[in-house]
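Novice: just coords:
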């Protein structure tokens with residue numbers, strides 16, 4: 001009867017294997033003779049006949065066996081080999097077992113069945129009548145912070161009366177490894193936590209933890225669990241201001257001491273006037289906050305990366321321009337003439353063949369100090385002549401002379417007191433009737449400015465009839 005039960009699954013698998021499949025399966029036993037609590041191992045070779053990558057999954061309806069290998073990915077058109085492991089439960093019967101494994105394609109749900117034969121032996125040559133049967137497990141947080149110690153909890157429960165004595169717990173991970181020596185008595189139960197340190201700058205990612213219980217150099221139980229190293233960013237900021245001659249420079253240093261990149265937002269409060277004269281490297285944007293407008297930078301820093309922001313506020317150019325303006329104004333007031341000289345002409349009576357003009361020369365001291373040795377010199381063009389007449393209050397020329405075709409008039413005023421103004425008036429008569437425009441030359445004034453003699457000129461006059 002037992003032989004018939006063994007043959008029926010084999011015939012079922014053979015019948016299914018004749019159907020056309022998108023993948024081929026071939027298995028080879030590596031370790032089929034095991035004791036209770038051991039793991040059976042086979043080499044499974046899968047050929048993907050389809051033109052797309054596929055994921056092959058394994059399952060069984062036999063509740064007496066636990067599949068330690070549940071899925072595997074196979075690229076398109078390739079053949080891939082891997083270790084297939086299954087473990088009996090604690091209540092599995094001794095003897096030969098044929099376990100039917102359902103092999104399913106994730107791409108099109110194509111299914112094949114493969115038979116794996118395992119012999120569960122009744123006793124162990126190492127341990128004698130009792131073979132260690134230990135409930136074994138490992139617990140680690142799904143998410144761990146690399147800056148803190150990682151707790152790993154090991155659970156062991158001896159299921160039988162065998163005094164296991166000394167045993168080794170072998171912990172293997174990509175980030176830490178350890179071998180722990182302990183003992184486990186008959187039916188004893190232990191739950192122990194161990195702490196491990198990893199590099200605080202460990203890059204984030206998913207890692208696996210594999211733990212094995214070894215007794216007398218034989219592995220009697222294993223457990224595994226995945227955990228994830230969490231990313232974190234630890235930003236530090238330092239500011240160093242420098243000021244020199246109306247120029248300020250602030251160097252902001254940012255550093256990420258974490259294991260993952262992150263973006264840091266920096267705001268620098270400034271007034272609108274400061275922003276006019278402020279530049280930065282890298283460039284900033286202007287944002288409005290509750291406290292007012294500010295300069296803002298969004299800086300991305302990778303793990304262990306350092307960046308600087310240089311903010312420069314330079315008032316030198318406007319101050320230099322302002323100084324130049326002040327200097328020019330000062331030079332103007334220092335070097336300008338203390339006297340103002342202007343001239344005007346008023347057309348007077350007209351007679352047959354001639355025209356009278358009244359000439360007025362205005363001279364004013366616009367400073368708070370006296371001006372000495374002032375002389376006013378004017379010239380009458382040759383087409384006109386001076387009308388000599390004496391009037392009360394009129395300042396007559398001190399000297400009248402002929403020069404070329406014109407007449408030169410000279411007045412000596414000696415001193416002009418602060419803010420004093422004089423008006424020199426005289427009349428001329430044209431020798432011919434003025435037709436069109438007549439230009440009268442500028443009046444010239446000589447005076448002493450300190451220890452040097454200076455000369456200034458009035459405006460020219462254009463007389464139109």
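Specialist: That came through fine. What you see is a predicted model, and the numbers here were worked out from it, not measured in a lab.

Novice: the closest residue to residue 133 other than its chain neighbours and residue 75, how far apart?
Specialist: With Cβ to Cβ, 6 or more residues apart in numbering as the criterion, residue 133 has its nearest non-adjacent residue at 4.1 Å, and that residue is residue 159. To be clear about C-beta, it is placed using only N, CA and C from the backbone, and glycine gets the same treatment. For residue 159, the distance to residue 75 equals 42 Å [Cβ to Cβ, to the nearest Å].

Novice: okay, now the unreliable bits of the chain?
Specialist: Confidence mapping of the chain against pLDDT under 70 gives the ranges 1-21, 122-131, 350-353, 391-393, 432-436, 465.

Novice: if you set the cut-off to 50 instead, what comes out?
Specialist: The chain contains residues with pLDDT under 50 at 1-6, 11-20.

Novice: domain map for it?
Specialist: Using automatic domain parsing, the domain ranges for the chain come out as 2-121, 134-229, 235-316, 339-464.

Novice: thinking again about what came up before, show me the contacts for the residue nearest to residue 133.
Specialist: Residues counted as contacts of residue 159 (Cβ atoms under 8 Å, 6 or more residues apart in numbering) are 90, 133, 134, 135, 187.

Novice: measure it to residue 188 for me?
Specialist: 10 Å.

Novice: residue 406 now?
Specialist: Computed as Cβ to Cβ, the residue 406 to residue 188 distance reads 138 Å.

Novice: same check, this time on residue 54
Specialist: From residue 54 to residue 188 the distance is 46 Å (Cβ to Cβ).

Novice: these two - which one has more neighbours?
Specialist: Neighbour count, other Cβ atoms under 10 Å: between residue 54 and residue 188, residue 54 has more, with 20 against 13.

Novice: next up, identify which helix or strand the residue lying closest to the more buried one once chain neighbours are set aside is on.
Specialist: If the residues on either side of it in the chain are set aside, residue 54 comes closest to residue 107, at 4.6 Å by Cβ to Cβ, 6+ apart. Under the criterion DSSP states H and E, no helix or strand holds residue 107.

Novice: state the phi and psi torsions of residue 107.
Specialist: phi -70, psi -50 (degrees, to the nearest 10).

Novice: that one: neighbour count?
Specialist: Using other Cβ under 10 Å, residue 107 has 16 neighbouring residues.

Novice: could you do residue 370 as well?
Specialist: Neighbours around residue 370, by other Cβ under 10 Å: 14.

Novice: repeat that for residue 228.
Specialist: With other Cβ under 10 Å as criterion, residue 228 counts 13.

Novice: list the contacts for it?
Specialist: By Cβ under 8 Å, 6+ apart, the contact list for residue 228 reads 142, 143, 144, 204, 205, 206, 207.

Novice: can you tell me the SS state at it?
Specialist: Under DSSP: H, G, I helix; E, B strand; the rest coil, the three-state class of residue 228 is strand.

Novice: against residue 456, how distant is residue 116?
Specialist: Distance check for residue 116 against residue 456: by Cβ to Cβ, it reads 122 Å.

Novice: repeat for residue 38
Specialist: Per Cβ to Cβ, residue 38 is found 121 Å from residue 456.

Novice: can you lay out the domains of the chain as JSON lines showing distance to residue 323?
Specialist: Output for these, formatted as JSON lines (distance: least, Cβ to Cβ, whole Å):
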{"stretch": "domain 2-121", "distance to residue 323": "76"}
{"stretch": "domain 134-229", "distance to residue 323": "54"}
{"stretch": "domain 235-316", "distance to residue 323": "10"}
{"stretch": "domain 339-464", "distance to residue 323": "25"}
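
Novice: ok, which of those domains comes nearest residue 333?
Specialist: Of all the domains of the chain, domain 339-464 sits nearest to residue 333, with 9.5 Å by Cβ to Cβ.

Novice: end to end, how far does that closest one reach?
Specialist: This stretch, domain 339-464, spans 28 Å end to end (Cα to Cα, to the nearest Å).

Novice: packing partners of whichever strand or helix holds residue 342?
Specialist: Per DSSP H and E: residue 342 is located in strand 339-351. Secondary-structure packing of strand 339-351 (3 or more Cβ pairs under 8 Å, 6 or more residues apart in numbering; DSSP states H and E): strand 354-365, strand 371-380, strand 444-449, strand 452-457, strand 461-464.

Novice: could you give the angle of the third one to strand 371-380?
Specialist: The reference is to strand 444-449. 170 degrees (axes from the mean of the first three to the mean of the last three Cα atoms, to 10 degrees).

Novice: centre of the chain to strand 444-449, how far?
Specialist: Put simply, strand 444-449 sits 69 Å off its chain's centre (Cα atoms, centre = their mean, to the nearest Å).

Novice: now the second one
Specialist: Its chain's C-alpha centre and that of strand 371-380 lie 74 Å apart, by Cα atoms, centre = their mean.

Novice: how big is the angle separating that strand from strand 354-365?
Specialist: Relative orientation of strand 371-380 and strand 354-365, computed by the same axes, to 10 degrees: 160 degrees.

Novice: how about strand 371-380: buried residues?
Specialist: 371, 374, 375, 376, 378, 379, 380 (16 or more other Cβ atoms under 10 Å).

Novice: and the last one, by the same measure?
Specialist: In terms of neighbour count (16+ other Cβ under 10 Å), strand 461-464 has its buried residues at 461, 463.

Novice: show me what that strand pairs with in its sheet, parallel or antiparallel.
Specialist: Note on strand 461-464: by DSSP bridges, its sheet partners are strand 437-440 (antiparallel).
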